[in-house]
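Participant: kindly return the folded structure for what I paste below:
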Amino acid sequence: MNDPFEKIRNNKKSLLALFIRLAKADQNVDDTEHFFIENMRQRLGIDEAEMKEIWSSSEDFEFDPPQLEKHRMTILYQILYLTKIDGVVTKEEEEFVRQIGFKLGIHPNLTEELIGVIKKYLDQDLPTEELLGRVKKYMN
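Facilitator: Okay, here's the model as predicted:
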């Protein structure tokens, strides 16, 4: 890998692929999920042609969790938000969140509690203080 920015670019693509796999987990990509992913594509600076490739081969992009805990937690929050964005949390989506939580090094009990919070607030805004309260229980 000669380009030092290639790893960053690959990480951005793998994050988008992760979002796509979650959106596809219930076999139905809702418009709100698609909008979220498109917004993230733009924020990450991935062009439309690359995005088509990611949509068609999302399974081929290996997820490499970041080292910093705050970055891993940010990804988990984004995954949780995407899980609830269409107003439905399926068993497939829950299992996907558990798997990603594990890969991110998040305590399984915390992941379960956060899934419970998003299910509780499916049709409402997620209260930041409730999410943070759950996270604080597991901090050293």
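Participant: for the chain, which helix extends over the most residues?
Facilitator: The longest helix of the chain (DSSP state H) is helix 6-24.
Participant: which element follows it toward the C-terminus?
Facilitator: Where DSSP states H and E defines the elements, the next helix or strand beyond helix 6-24 is helix 31-44.
Participant: quick one: distance of that next one to the chain centre.
Facilitator: Relative to its parent chain, helix 31-44 has a centroid offset of 12 Å by CA atoms, centre = their mean, to the nearest Å.
Participant: list the contacts of it.
Facilitator: Contact partners of helix 31-44, identified using CB atoms under 8 Å, 6 or more residues apart in numbering, comprise 12, 15-16, 19-20, 23, 48, 51, 78, 81-82, 85-86. In this view, the C-beta of every residue, glycine as well, is placed from N, C-alpha and C.
Participant: and if we set it to 6 Å?
Facilitator: Helix 31-44 has contacts (CB atoms under 6 Å, 6 or more residues apart in numbering) with 12, 16, 19, 23, 51, 82, 85-86.
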